[in-house]
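K.L.:
sharing a model prediction with you, sequence too.
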Amino acid sequence: MSQDDLKLSVARAAVNYVPEGKIIGVGTGSTANFFIDELARIKDRIAGTVASSKATAERLVSHGIRVFDLNDIHDSIPVYIDGADEISGTGAMIKGGGGALTREKIIASASDRFICIADESKLVTTLGKFPLPVEVIPMAHELIARKLDALGGQARLRLKDGKPFITDNGNVILDISGLQIARPEELERIINNMAGVVTVGLFAQRGANVCLLGSPDGVKVLE
Ligand code: 5RP
(Lines give C-alpha, C1' and ligand atoms only; values in the text may rest on other atoms or scores of the structure.)
Protein backbone atom coordinates (compact mmCIF):
# COMPACT_ATOMS: atom_id res chain seq x y z
CA MET A 1 0.00 0.00 0.00
CA SER A 2 1.33 3.45 -0.86
CA GLN A 3 1.33 6.36 1.59
CA ASP A 4 -1.48 7.91 -0.48
CA ASP A 5 -3.54 4.70 -0.09
CA LEU A 6 -3.11 5.00 3.68
CA LYS A 7 -4.12 8.68 3.63
CA LEU A 8 -7.19 7.82 1.55
CA SER A 9 -8.16 5.05 3.99
CA VAL A 10 -8.15 7.45 6.97
CA ALA A 11 -9.94 10.15 4.98
CA ARG A 12 -12.72 7.66 4.26
CA ALA A 13 -12.84 6.58 7.90
CA ALA A 14 -13.07 10.22 9.03
CA VAL A 15 -16.33 10.69 7.10
CA ASN A 16 -17.98 8.50 9.78
CA TYR A 17 -17.18 11.22 12.33
CA VAL A 18 -19.00 13.95 10.38
CA PRO A 19 -22.32 14.83 12.08
CA GLU A 20 -25.41 15.44 9.95
CA GLY A 21 -26.59 19.00 9.39
CA LYS A 22 -23.66 20.73 11.12
CA ILE A 23 -20.77 23.02 10.22
CA ILE A 24 -17.45 21.19 10.57
CA GLY A 25 -13.84 22.37 10.69
CA VAL A 26 -11.51 21.22 7.92
CA GLY A 27 -7.72 21.12 8.09
CA THR A 28 -4.91 21.61 5.61
CA GLY A 29 -2.44 19.33 3.85
CA SER A 30 -2.38 16.27 1.62
CA THR A 31 -4.33 14.05 4.05
CA ALA A 32 -6.91 16.79 4.62
CA ASN A 33 -7.20 17.09 0.82
CA PHE A 34 -8.16 13.40 0.59
CA PHE A 35 -10.74 14.08 3.30
CA ILE A 36 -12.16 17.08 1.40
CA ASP A 37 -12.59 14.92 -1.70
CA GLU A 38 -14.45 12.31 0.36
CA LEU A 39 -16.53 15.00 2.08
CA ALA A 40 -17.69 16.15 -1.36
CA ARG A 41 -19.59 12.85 -1.71
CA ILE A 42 -21.75 13.68 1.33
CA LYS A 43 -21.81 17.47 1.01
CA ASP A 44 -25.62 17.60 1.03
CA ARG A 45 -25.63 16.08 4.52
CA ILE A 46 -23.68 18.94 6.18
CA ALA A 47 -24.49 22.63 6.69
CA GLY A 48 -21.01 23.70 5.64
CA THR A 49 -17.42 24.05 6.76
CA VAL A 50 -14.85 26.39 8.26
CA ALA A 51 -11.48 26.20 6.50
CA SER A 52 -8.04 26.33 8.14
CA SER A 53 -6.31 27.88 5.10
CA LYS A 54 -6.94 29.64 1.83
CA ALA A 55 -5.90 26.46 -0.03
CA THR A 56 -8.45 24.38 1.88
CA ALA A 57 -11.18 26.97 1.32
CA GLU A 58 -10.45 26.91 -2.42
CA ARG A 59 -10.59 23.11 -2.58
CA LEU A 60 -13.86 23.03 -0.60
CA VAL A 61 -15.43 25.66 -2.84
CA SER A 62 -14.24 23.82 -5.96
CA HIS A 63 -16.36 20.86 -4.76
CA GLY A 64 -19.37 23.11 -4.15
CA ILE A 65 -19.02 22.84 -0.37
CA ARG A 66 -20.04 25.94 1.55
CA VAL A 67 -17.28 27.68 3.54
CA PHE A 68 -18.22 29.95 6.45
CA ASP A 69 -16.19 32.72 8.06
CA LEU A 70 -15.49 31.73 11.67
CA ASN A 71 -16.84 35.12 12.79
CA ASP A 72 -20.26 34.18 11.42
CA ILE A 73 -20.53 31.02 13.51
CA HIS A 74 -21.97 31.48 16.97
CA ASP A 75 -22.02 27.88 18.24
CA SER A 76 -19.11 25.57 18.85
CA ILE A 77 -18.04 23.41 15.93
CA PRO A 78 -18.71 19.71 16.66
CA VAL A 79 -15.63 18.31 14.92
CA TYR A 80 -12.38 19.49 13.40
CA ILE A 81 -10.70 17.01 11.05
CA ASP A 82 -7.04 17.54 10.14
CA GLY A 83 -3.71 15.81 9.58
CA ALA A 84 -0.49 16.10 11.59
CA ASP A 85 3.25 15.98 11.03
CA GLU A 86 3.79 13.94 14.20
CA ILE A 87 1.42 12.58 16.83
CA SER A 88 2.18 11.00 20.20
CA GLY A 89 0.19 8.21 21.83
CA THR A 90 -1.49 10.80 24.08
CA GLY A 91 -2.74 12.93 21.15
CA ALA A 92 -0.14 15.73 21.32
CA MET A 93 0.88 16.79 17.82
CA ILE A 94 3.36 18.77 15.77
CA LYS A 95 1.51 20.59 12.99
CA GLY A 96 2.32 23.34 10.53
CA GLY A 97 4.37 21.52 7.92
CA GLY A 98 2.00 23.13 5.41
CA GLY A 99 2.27 26.52 7.14
CA ALA A 100 -1.37 26.72 8.28
CA LEU A 101 -0.73 26.21 12.00
CA THR A 102 -2.33 29.43 13.29
CA ARG A 103 -5.68 29.03 11.57
CA GLU A 104 -5.57 25.31 12.39
CA LYS A 105 -5.09 26.08 16.07
CA ILE A 106 -7.87 28.66 16.07
CA ILE A 107 -10.38 26.26 14.53
CA ALA A 108 -9.22 23.41 16.78
CA SER A 109 -9.85 25.68 19.78
CA ALA A 110 -13.37 26.42 18.51
CA SER A 111 -14.20 22.72 18.10
CA ASP A 112 -15.58 20.12 20.50
CA ARG A 113 -13.50 17.25 19.07
CA PHE A 114 -10.28 17.09 17.10
CA ILE A 115 -10.11 14.06 14.81
CA CYS A 116 -6.54 13.59 13.60
CA ILE A 117 -6.06 11.66 10.36
CA ALA A 118 -2.61 10.39 9.44
CA ASP A 119 -0.69 7.45 8.11
CA GLU A 120 0.97 5.42 10.84
CA SER A 121 4.46 6.80 10.06
CA LYS A 122 3.35 9.97 11.92
CA LEU A 123 2.99 8.15 15.27
CA VAL A 124 6.06 8.75 17.47
CA THR A 125 7.14 8.08 21.04
CA THR A 126 8.72 11.53 21.51
CA LEU A 127 7.78 14.57 19.44
CA GLY A 128 10.56 16.59 17.79
CA LYS A 129 12.12 14.67 14.92
CA PHE A 130 9.92 16.71 12.57
CA PRO A 131 11.14 20.34 12.77
CA LEU A 132 8.73 22.31 14.96
CA PRO A 133 7.11 25.21 13.03
CA VAL A 134 6.63 28.57 14.75
CA GLU A 135 4.71 31.39 13.02
CA VAL A 136 6.38 34.71 13.79
CA ILE A 137 5.77 38.40 13.11
CA PRO A 138 8.31 39.23 10.35
CA MET A 139 10.13 42.02 12.27
CA ALA A 140 10.89 39.59 15.13
CA HIS A 141 12.23 36.52 13.35
CA GLU A 142 15.91 37.06 14.20
CA LEU A 143 15.09 37.79 17.83
CA ILE A 144 12.82 34.77 18.16
CA ALA A 145 15.33 32.51 16.37
CA ARG A 146 17.94 33.38 19.02
CA LYS A 147 15.46 32.64 21.82
CA LEU A 148 14.48 29.32 20.24
CA ASP A 149 18.13 28.35 19.78
CA ALA A 150 18.60 29.00 23.51
CA LEU A 151 15.97 26.30 24.17
CA GLY A 152 18.31 23.78 22.55
CA GLY A 153 17.09 23.66 18.96
CA GLN A 154 18.26 25.17 15.68
CA ALA A 155 15.72 27.61 14.23
CA ARG A 156 15.74 28.23 10.48
CA LEU A 157 13.61 30.68 8.54
CA ARG A 158 11.36 28.69 6.17
CA LEU A 159 12.01 29.58 2.53
CA LYS A 160 10.00 29.06 -0.63
CA ASP A 161 11.65 29.61 -4.02
CA GLY A 162 14.59 31.24 -2.20
CA LYS A 163 12.40 33.81 -0.42
CA PRO A 164 10.79 33.74 3.05
CA PHE A 165 7.63 31.62 3.05
CA ILE A 166 4.70 33.91 3.86
CA THR A 167 1.68 32.48 5.70
CA ASP A 168 -1.98 33.22 4.94
CA ASN A 169 -1.71 35.76 7.78
CA GLY A 170 1.26 37.63 6.27
CA ASN A 171 3.83 36.24 8.72
CA VAL A 172 6.97 34.07 8.43
CA ILE A 173 7.78 30.63 9.85
CA LEU A 174 10.80 29.41 11.81
CA ASP A 175 11.32 25.63 11.77
CA ILE A 176 13.16 24.33 14.86
CA SER A 177 15.12 21.13 14.40
CA GLY A 178 17.03 19.09 16.99
CA LEU A 179 14.38 19.14 19.72
CA GLN A 180 13.35 16.17 21.84
CA ILE A 181 10.05 17.34 23.26
CA ALA A 182 9.61 15.52 26.56
CA ARG A 183 7.02 17.96 27.93
CA PRO A 184 4.98 19.29 24.98
CA GLU A 185 2.44 21.30 27.00
CA GLU A 186 5.20 23.16 28.84
CA LEU A 187 7.14 23.91 25.65
CA GLU A 188 3.93 25.10 23.95
CA ARG A 189 3.37 27.59 26.77
CA ILE A 190 6.99 28.80 26.79
CA ILE A 191 7.14 29.46 23.04
CA ASN A 192 3.66 31.00 22.88
CA ASN A 193 4.74 33.46 25.58
CA MET A 194 7.55 34.95 23.48
CA ALA A 195 6.61 38.40 22.19
CA GLY A 196 6.59 38.19 18.41
CA VAL A 197 5.41 34.57 18.26
CA VAL A 198 1.98 34.21 16.69
CA THR A 199 1.61 30.45 17.18
CA VAL A 200 3.78 27.42 17.86
CA GLY A 201 2.86 24.28 15.94
CA LEU A 202 2.67 22.20 19.12
CA PHE A 203 -0.90 21.06 19.71
CA ALA A 204 -0.57 19.62 23.21
CA GLN A 205 -2.74 21.78 25.49
CA ARG A 206 -5.50 20.99 23.03
CA GLY A 207 -4.47 17.73 21.38
CA ALA A 208 -6.40 15.24 19.29
CA ASN A 209 -9.38 13.49 20.87
CA VAL A 210 -9.31 10.70 18.31
CA CYS A 211 -6.52 9.69 15.96
CA LEU A 212 -7.23 7.58 12.88
CA LEU A 213 -3.97 5.99 11.75
CA GLY A 214 -3.71 4.38 8.34
CA SER A 215 -1.77 1.09 8.29
CA PRO A 216 -1.53 -1.81 5.83
CA ASP A 217 -3.65 -3.81 8.33
CA GLY A 218 -6.44 -1.21 8.27
CA VAL A 219 -7.31 1.99 10.10
CA LYS A 220 -6.29 1.99 13.76
CA VAL A 221 -8.26 4.18 16.16
CA LEU A 222 -6.49 5.83 19.12
CA GLU A 223 -8.82 7.52 21.63
C1 5RP B 1 -0.51 21.92 7.67
C2 5RP B 1 -0.49 20.81 8.63
C3 5RP B 1 -0.75 19.44 8.09
O4 5RP B 1 -1.81 18.87 8.78
C5 5RP B 1 0.47 18.60 8.29
O6 5RP B 1 1.58 19.26 7.69
C7 5RP B 1 0.31 17.21 7.70
O8 5RP B 1 0.22 17.32 6.31
P9 5RP B 1 0.11 16.04 5.37
O10 5RP B 1 -1.24 15.48 5.56
O11 5RP B 1 0.34 16.60 3.97
O12 5RP B 1 1.21 15.09 5.77
O13 5RP B 1 -0.30 20.95 9.81
O14 5RP B 1 -0.15 23.13 8.28
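P.N.:
Looks like it arrived, so ask away. Numbering: from 1, shown residues only.
K.L.:
what residues does the nearest residue to Phe34 once chain neighbours are set aside make contact with?
P.N.:
Distances taken as Cβ to Cβ, 6 or more residues apart in numbering put Ala11 closest to Phe34, at 3.6 Å, once the chain neighbours are dropped. No exception for glycine: its C-beta is placed from N, CA and C like everyone else's. Counting by Cβ atoms under 8 Å, 6 or more residues apart in numbering, Ala11 makes contact with 31, 34-35, 37-38, 117.
K.L.:
for those, work out which two are farthest apart.
P.N.:
Asp37 and Ile117 (12.7 Å; Cβ to Cβ).
K.L.:
which bits of this structure sit near the ligand?
P.N.:
27-31, 82-85, 95-101, 104 (Cβ under 6 Å from any ligand atom).
K.L.:
locate the residue nearest to Phe34 within the secondary structure: which element?
P.N.:
Take DSSP states H and E as the rule and Ala11 turns out to sit in helix 3-14.
K.L.:
for the helix or strand that that helix is followed by, name the packing helices and strands.
P.N.:
Once helix 3-14 ends, the next helix or strand along the chain (criterion: DSSP H and E) is strand 23-26. Packing contacts for strand 23-26, counted by 3 or more Cβ pairs under 8 Å, 6 or more residues apart in numbering; DSSP states H and E, involve helix 30-39, strand 48-51, strand 77-82.
K.L.:
out of the ones you listed, which is closest to Asn193?
P.N.:
Nearest to Asn193, of the helices and strands packed on strand 23-26 and by Cβ to Cβ, is strand 77-82 at 24.4 Å.
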